[in-house]
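> pasting the structure only:
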């Protein structure tokens with residue numbers, strides 16, 4: 001029973017992370033995604049800040065902002 005609970009918890013966390021909302025500067029040069037829309041790394045964005053999913057951001061080659069690591 002304990003093993004089943006752990007497996008269920010593990011797969012639930014994977015699914016939730018794929019659908020997590022992240023924020024991206026909508027410029028052509030943006031390489032980072034951010035968990036918080038007010039992140040210090042987004043302060044220099046002169047374009048629109050858009051919402052995305054973490055899965056989509058990673059598929060586009062974006063990595064987590066250094067301020068949020």
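Yep, it's here. What you see is a predicted model, and the numbers here were worked out from it, not measured in a lab. Residues are numbered from 1 along each chain as shown.
> what residues are up against residue 19?
Residues in contact with residue 19, defined by C-beta atoms under 8 Å, 6 or more residues apart in numbering, are 53, 54, 55. Yep, even glycine has a C-beta here, placed from its N, CA and C like the rest.
> Only the buried residues of the helix or strand where the last one lies, if you could.
Counting by DSSP states H and E, the element that carries residue 55 is helix 54-59. Buried residues in helix 54-59, defined by neighbour count with 16 or more other C-beta atoms under 10 Å: 54, 57.
> after it, next one along is what?
strand 63-64.
> Quick check: which ranges of this structure have low pLDDT?
Across the chain, the ranges flagged by pLDDT under 70 are 1-18.
> Please report phi then psi for the closest residue to residue 64 other than its chain neighbours.
The shortest distance from residue 64 to any non-neighbouring residue, by C-beta to C-beta, 6 or more residues apart in numbering, is to residue 33 (6.3 Å). Main-chain torsions, residue 33, degrees, to the nearest 10: phi -120, psi 160.
> about what we covered before: what would the contacts of residue 19 look like in CSV with distance to residue 20?
Formatted as CSV, those follow (distance: C-beta to C-beta, whole Å):
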residue, distance to residue 20
53, 7
54, 5
55, 8
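> which residues in this protein form helices?
Per DSSP state H, the chain carries helices over the ranges 2-18, 54-59.
> how far away is residue 45 from residue 19?
Separation of residue 45 from residue 19 (C-beta to C-beta, to the nearest Å) stands at 23 Å.
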